[in-house]
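In: curious how this folds, go ahead:
(2 chains)
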Amino acid sequence: GESVGLHLPTLSVQEGDNSIINCAYSNSASDYFIWYKQESGKGPQFIIDIRSNMDKRQGQRVTVLLNKTVKHLSLQIAATQPGDSAVYFCAENYNNAGNMLTFGGGTRLMVKP
Amino acid sequence: DGGITQSPKYLFRKEGQNVTLSCEQNLNHDAMYWYRQDPGQGLRLIYYSQIVNDFQKGDIAEGYSVSREKKESFPLTVTSAQKNPTAFYLCASSIVRRGAFTDTQYFGPGTRLTVL
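Out: This next block holds a predicted model:
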């Protein structure tokens, strides 16, 4: 069935560098996407979201890019810090009426000092 | 202090026992959700509720039950019929918009259930 997935299970970056985490989705009808950060033993924390009528959205040190042509979503983290180390996963909405989300498996970001 | 609370943080269950996980929110959100997360995996939906006294099965509802008697509360019972209940359980809530747009789900801190 259609699903949300991630290209890389683990990403290791140097402190201070920029990080890019990718997510592929296959449901062309999805119109809402969210990035979450999950630290070990904790609940997921909302980072940023984007709707399908946008290509880019910026937050504090984070940017989400949406390429609907190739069904690709990315999360960019500027000046990555040790506190950014966590699992990041994307979610998509496939049913507007039900407010439901489908979650990807996650990418682990490791920041080296 | 607004948000979603889950209790207990850790829970141990003997085989054959039912256990109930608590989820409370004071965000005035209409919708609440229960997910299960296994090590190294994403979230799978167990049950959800968009309004008081109504709830729907998610993708993996077998062996679980819920109730939604109050807007603020959405407890999950893991029954003895759930054959592999050891997992991290996450509760979430969201606004329900009337119209085309989905809204963000906000999560609680989770309950780790271990079957002994």
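In: from here on, contacts and neighbour counts on C-alpha atoms
Out: Noted.
In: what sits against residue B:79?
Out: Residues near residue B:79 by Cα atoms under 8 Å, 6 or more residues apart in numbering or on different chains: B:16, B:17, B:18, B:19, B:63, B:64, B:65.
In: so, low pLDDT: which residues of chain A?
Out: Judged against pLDDT under 70, the low-scoring parts of chain A cover residues A:1-8, A:95-98.
In: can you pull out the strands in it?
Out: Residue ranges of the strands in chain A, as given by DSSP state E, are A:4-5, A:10-14, A:19-25, A:32-38, A:45-51, A:56-58, A:62-67, A:72-77, A:86-95, A:100-103, A:107-112.
In: and the ones you listed as TSV, adding mean neighbour count?
Out: As requested, the strands of chain A are exported to TSV (neighbours: other Cα atoms under 10 Å in any protein chain shown):
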stretch	mean neighbour count
strand A:4-5	22
strand A:10-14	15
strand A:19-25	21
strand A:32-38	23
strand A:45-51	19
strand A:56-58	15
strand A:62-67	19
strand A:72-77	20
strand A:86-95	24
strand A:100-103	22
strand A:107-112	20
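In: hmm, stretch A:103-110 in reach of chain B?
Out: Yes. In terms of Cα under 8 Å from any Cα of the partner chain, part of stretch A:103-110 sits within range of chain B, namely A:103, A:104, A:105, A:106.
In: any idea how far residue B:103 is from residue A:30?
Out: To residue B:103, residue A:30 is 13 Å away according to Cα to Cα, to the nearest Å.
In: which residues does residue 19 bridge with?
Out: Going with chain A. residue A:77 (DSSP bridges).
In: nope, chain B
Out: residue B:78.
In: and for it, the neighbour number?
Out: Residues near residue B:19, counting by other Cα atoms under 10 Å in any protein chain shown, number 17.
In: who's in contact with it?
Out: B:13, B:77, B:78, B:79.
In: which residue packs closest to the first one, ignoring adjacent ones?
Out: Excluding the flanking residues, the one nearest residue B:13 by Cα to Cα, 6 or more residues apart in numbering or on different chains is residue B:115, at 4.7 Å.
In: can you count the residues close to the one you found?
Out: 15.
In: hang on, it packs against residue B:87?
Out: No. Using Cα atoms under 8 Å, residue B:115 is not in contact with residue B:87, being 9.1 Å away.
In: and for residue 113, the neighbour number?
Out: All of this refers to chain A. For residue A:113, using other Cα under 10 Å, the count is 9.
In: if you could check chain B rather than the one you did, that'd help
Out: 20.
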